[in-house]
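>>> Could you work out the structure for the sequence below:
(one chain, ligands or ions: 2)
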Amino acid sequence: MSRDLVTTTEDGLWCEAGGFHIDPWRPVERAVVTHAHADHTRPGSGRYLTAAPGVELVRLRTHADAVVDGLEYGERLTIGGVQVSFHPAGHILGSAQVRIERAGEVWVVGGDYKTGADPTCAAFEAVPCDVFISESTFGLPVFQWPDPEEVAAEVRAWWEGNAANGRTSLLCAYALGKSQRLLAGLLDPPGPIAVHGALDRLLGPYRDQGIELPSTEYASVEVAKEVRGRGLVIAPPSANGTPWMRKFGDVSTAFASGWMTLRGPRRRRGFDQGFTVSDHADWRGLLGAIEATGASRVLVTHGYVDPLVRYLSEERGLQAERLDSRFEGEGDGAEESAGSGEAEGPVVEPVSGPGHGAPEGRS
Ligand SMILES: [Zn+2]
Ligand SMILES: [Zn+2]
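Numbering: from 1, shown residues only. Ligands and ions are numbered 1, 2, ... in the order given. Sure, this is the predicted structure:
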């Protein structure tokens, strides 16, 4: 038996002492999953265990007769020779960090996480541990998120400006997590809101959990007529430039993503406007979260892995290592596309600061 509580196999992160995988990328017998994004919850496993608020979303991602069990945040369950519990990751509804304890040794698998405020999910909780497995989607100092309330005000101003010019506002964002968060910032909307079908089916689980969202309508042909020239339409990024958009008439398009923080024209990828919104931690968020765990060893799984590993070892004196995985960061729809590999984020030039050297792309 490996001395490490969590290792990687060809199926995914593996806890041998507990006999389960965490966010496996291939079907396995027992999957403990951190959240319902497609790169973390893949269909086909025998049974799934996730944090209770995410059960419905995980079920939507898996086959109809999949066994999906929920465990309340903080509740402990013995699986094999280990104790398992889920703790809020602040990423999307139901997202969790997985805490695994064996004989006093504690490992935490962070999954995807963010430390900023988000009214659509429980706030990130720092869980003390010996070893922390962290993502690094935006692990470069250049990533620094603006105040979400300011961004919500920008979205509203853009919408109002478009309506004044007789244009429909088409806001593209991931269907799961980002879209709900954008909606939650528009509780008193200046006009009607229509949503793409991919998003419409994901709103129910949020409303069922008591998350307050403005009223929305599925963007049918009739509804498209109603919102044309004045409403807001929310759709996944893949809808941009497709014939589906035509029914909204003259549109102004926008993309909400962490990548929008980068300057330069290519960041917008064909959108008229960009808003910086991410469900992943920015550079300071990552460092703050890692420090708060008190972990002396940090394994970095995806995103700008090397700059974060280097910073943690050289500047913080931690035992930091790369842990290869098949998780994806925030691409143009990565978290919806079940890891199709077409979700490369923009190339980021190396920046000055602690993350010196050339960053690699997302793996
Ligand atoms: Zn995610
Ligand atoms: Zn992910």
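>>> give me the element Ser169 is part of.
strand 168-172 (DSSP states H and E).
>>> any idea which helix or strand comes after that strand?
Assigned by DSSP H and E, the successor of strand 168-172 is helix 178-184.
>>> can I assume Ala122 is in contact with Gly74?
No - contact criterion C-beta atoms under 8 Å: Ala122 and Gly74 do not qualify, at 10.5 Å. Yep, even glycine has a C-beta here, placed from its N, CA and C like the rest.
>>> Who has more neighbours out of these two?
Between Ala122 and Gly74, counted using other C-beta atoms under 10 Å, the more crowded position is Ala122 (17 against 13).
>>> Find the residue closest to the more buried one in space, skipping its chain neighbours.
Pro88 (3.7 Å; C-beta to C-beta, 6 or more residues apart in numbering).
>>> Distance from the chain centre to the strand holding Ser169, please.
21 Å (C-alpha atoms, centre = their mean, to the nearest Å).
>>> Listing partners with orientation, what would you give for it?
Sheet pairing of strand 168-172 (DSSP bridges) gives strand 232-235 (parallel), strand 251-256 (parallel).
>>> Using PDB, write out every CA atom in the last one.
Once side chains and other backbone atoms are set aside, the C-alpha atoms of strand 251-256 remain, and they are given as PDB (Å, rounded to 0.1, in the frame of the first residue of the first chain):
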ATOM      1  CA  VAL A 251     -27.500  41.500 -30.600                       C
ATOM      2  CA  SER A 252     -24.500  42.700 -28.600                       C
ATOM      3  CA  THR A 253     -22.500  39.700 -27.300                       C
ATOM      4  CA  ALA A 254     -20.500  39.400 -24.100                       C
ATOM      5  CA  PHE A 255     -18.500  36.600 -22.500                       C
ATOM      6  CA  ALA A 256     -18.100  36.300 -18.800                       C
END
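>>> Now do the same contact list for the residue of the stretch 251-363 of the chain at minimum distance from ligand 2.
Residue nearest to ligand 2 within the stretch 251-363 of the chain: Phe327 (4.6 Å; C-beta to the ion). Shown in contact with Phe327 (C-beta atoms under 8 Å, 6 or more residues apart in numbering): Asp23, Asp39, His40, Asp112, Glu135, Thr301, His302.
>>> Give me the contact list for the helix ranked longest in the chain.
Criterion DSSP state H: the longest helix present in the chain is helix 148-164. With contacts defined as C-beta under 8 Å, 6+ apart, helix 148-164 is touched by 116-118, 168-169, 171, 181-182, 185-186, 190-191, 229-232, 252, 254, 256, 273, 275-277.
>>> again with stretch 225-236
Taking C-beta under 8 Å, 6+ apart as the rule, stretch 225-236 contacts 159, 163, 166-175, 179, 182-183, 186, 189, 191-196, 198-199, 216-217, 219, 224, 244, 247-251, 333, 336.
>>> switch the cut-off to 6 Å
For stretch 225-236, contacts defined as C-beta atoms under 6 Å, 6 or more residues apart in numbering pick out 159, 163, 166, 168-172, 175, 179, 191-196, 198-199, 219, 248-249, 336.
>>> Noted, bye for now.
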